[in-house]
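**Q** got a predicted model here, sequence first, then my questions.
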Amino acid sequence: MSSATPLGSITDVAGIRVGHHQRTGRGWQSGTTVVFAPSGATPGVDVRGGGPGTRETEALGPQNLVEQIHAVCLTGGSAYGLAAAQGVMEWLEERSLGFPIGPADARPAQVVPVVPAAVIFDLGRGGNFARRPDPTFGRKAAADARVRQARWGSVGAGTGAKAGRLQGGVGTASVAVRIPGTDGDPGIDVTVGALAVVNANGSVVDPSTGVPWEPFGLVRRRPTRAERDGLCEPSDAEAVLRSTGSLNTTIGVVATSAALSKSEVGKFASVAHDGMARAIRPAHSMFDGDTIFGLATGDVALPSTTTRLRVAGSRNSAFNLLLVAAADAFAAACTHAITSASTVGALPSYFDMCPSARPA
């Protein structure tokens, strides 16, 4: 069983931290978000969009060498923004975190940090096409990484994001999963968390109600009729954004405290896309670069494939509960990205457009 708690965070997964860095004004409206796992995590990835901008995704395939990574970089700047991952790589190297290469007693340690990354298209949204993240953004976002990250919405990689006619953002959610036990055993508790950077061409709001497709309690009342009509009418800001094209992307990370194999983490990331498709309609178009990374910190052992090990059902049954939670958490994170956003540039935030829907 699982229960989504959108006011929770991906950092509810022990061993996961999040940091942001962004710039606004003077032609800037972009930023970078880093998901940091200081003790390492088993990685996976699933790329669904027709126009992805990514780095190091091949290294995460279950058939390939790397079994553990320490950070994922999510950033604005389109393909140019992949440079931010270099700053994360340098920051990790300074802390001897990465794939070990040299002698075990080498000082400083000889490592090659593997930093997967994905980008959103936000070029020119602050007014200057050349203002986009570089390695300093990745370094500063990594340095900002904290367990109790309180900044969400129009920060980090979500600074220049848009969602239809609304300001996009970075959102998060967590899900508590209880894998039931047998013979009086209480079972196993696993945490699943998600972080989503919503920069969607598709709609995040049901046009008939003005409420997000997956509200998760973050919007408690329907907007007024006038507010709903405003969500559906083209705005002056929309004309401004036409000059930057219609290339869009939702990217993110799902993480769990469970111990999973690389192939299982890949499946975990894959099913999280179901949550994206529930919260953003349509998703995965030719103009989207939709990409979700998976991380498993390995704190909680699941039952083996061949024995029940005090839980009701097989390992596959337990793992399936995590897949359901991954979709729920990512859907909630997408909604949180919109409802936590604030107006930064040309586009209004959801609650600026629909103040009557804001929870009391």
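**A** Good, I have the coordinates.
**Q** for the rest of this, base every contact and every neighbour count on C-alpha atoms.
**A** OK.
**Q** point out where this structure drops to low pLDDT.
**A** 1-7, 182-185, 233-247, 304-313 (pLDDT under 70).
**Q** tell me where it has strands.
**A** With DSSP state E as the criterion, the chain has strands at 2-5, 17-25, 28-47, 54-55, 69-75, 99-100, 111-112, 117-119, 162-163, 166-167, 169-179, 188-199, 249-258, 291-300.
**Q** show me the one of these that comes nearest R131.
**A** Nearest of the strands of the chain to R131, taken as C-alpha to C-alpha: strand 28-47 at 5.4 Å.
**Q** what is the closest one packed up against?
**A** Contacts defined by 3 or more C-alpha pairs under 8 Å, 6 or more residues apart in numbering; DSSP states H and E place strand 28-47 against strand 17-25, strand 69-75, helix 135-143, helix 262-279, strand 291-300.
**Q** nearest to R48, of these?
**A** Minimum separation from R48 across the helices and strands packed on strand 28-47 (C-alpha to C-alpha) falls at strand 291-300, 6.1 Å.
**Q** now that closest one: buried residues?
**A** 291-300 (16 or more other C-alpha atoms under 10 Å).
**Q** with stretch 279-295 instead?
**A** Buried, per 16+ other C-alpha under 10 Å, within stretch 279-295: 279-281, 283-285, 287-295.
**Q** cool, stretch 326-335 as well?
**A** Judged by neighbour count using 16+ other C-alpha under 10 Å, the buried positions of stretch 326-335 are 326-335.
**Q** residue nearest the middle of this structure, spatially speaking?
**A** G252 (2.3 Å; C-alpha atoms, centre = their mean).
**Q** before we move on, back to that, tabulate the strands of the chain in a markdown table, adding columns for distance to N128.
**A** What follows is the strands of the chain, written out as a markdown table (distance: least, C-alpha to C-alpha, whole Å):
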| stretch | distance to N128 |
| --- | --- |
| strand 2-5 | 38 |
| strand 17-25 | 10 |
| strand 28-47 | 7 |
| strand 54-55 | 23 |
| strand 69-75 | 17 |
| strand 99-100 | 37 |
| strand 111-112 | 34 |
| strand 117-119 | 18 |
| strand 162-163 | 17 |
| strand 166-167 | 18 |
| strand 169-179 | 20 |
| strand 188-199 | 19 |
| strand 249-258 | 20 |
| strand 291-300 | 26 |
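**Q** give me the distance between the spatially closest residue to G87 that is not a sequence neighbour and G51.
**A** Once flanking residues are discounted, G87 sits nearest to P135: 4.0 Å by C-alpha to C-alpha, 6 or more residues apart in numbering. Distance, P135 to G51, using C-alpha to C-alpha, to the nearest Å: 23 Å.
**Q** report how many residues lie close to P108.
**A** For P108, the tally of surrounding residues (other C-alpha atoms under 10 Å) stands at 11.
**Q** contact partners for it?
**A** S96 (C-alpha atoms under 8 Å, 6 or more residues apart in numbering).
**Q** need the contact list for L65.
**A** Contacts of L65 (C-alpha under 8 Å, 6+ apart): A59.
**Q** do the same with V205
**A** Contact partners of V205, counting by C-alpha under 8 Å, 6+ apart, are 211-213, 280.
**Q** at 10 Å instead, please
**A** 163-164, 166, 211-215, 228, 231-232, 279-281, 335, 338, 350 (C-alpha atoms under 10 Å, 6 or more residues apart in numbering).
**Q** now E227
**A** 210, 351-357.
**Q** name the nearest residue to P113, sequence neighbours excluded.
**A** G98 (3.7 Å).
**Q** for the one you found, give me phi and psi.
**A** With angles defined as degrees, to the nearest 10, G98 sits at phi 160, psi -170.
**Q** start at 772 instead
**A** Understood, numbering begins at 772; the last thing we discussed is G869.
**Q** okay, and the beta partners of G1065?
**A** Using DSSP bridges, the beta-bridge partners of G1065 come out as G815, V1025.
**Q** once you drop chain neighbours, what's closest to G898?
**A** Going by C-alpha to C-alpha, 6+ apart, G898 has G798 as its nearest residue, at 4.6 Å.
**Q** so that neighbour touches R902, yeah?
**A** Yes - using C-alpha atoms under 10 Å, G798 is in contact with R902, at 6.5 Å.
**Q** the longest helix seen in the chain vs helix 1033-1050, what angle?
**A** What stands out as the longest helix in the chain, according to DSSP state H, is helix 1086-1110. Angle, helix 1086-1110 to helix 1033-1050, by axes from the mean of the first three to the mean of the last three C-alpha atoms, to 10 degrees: 40 degrees.
**Q** remind me what helix 1086-1110 packs against, helices and strands.
**A** strand 773-776, strand 933-934, strand 937-938, strand 940-950, strand 959-970, strand 1020-1029, helix 1033-1050, helix 1121-1124 (3 or more C-alpha pairs under 10 Å, 6 or more residues apart in numbering; DSSP states H and E).
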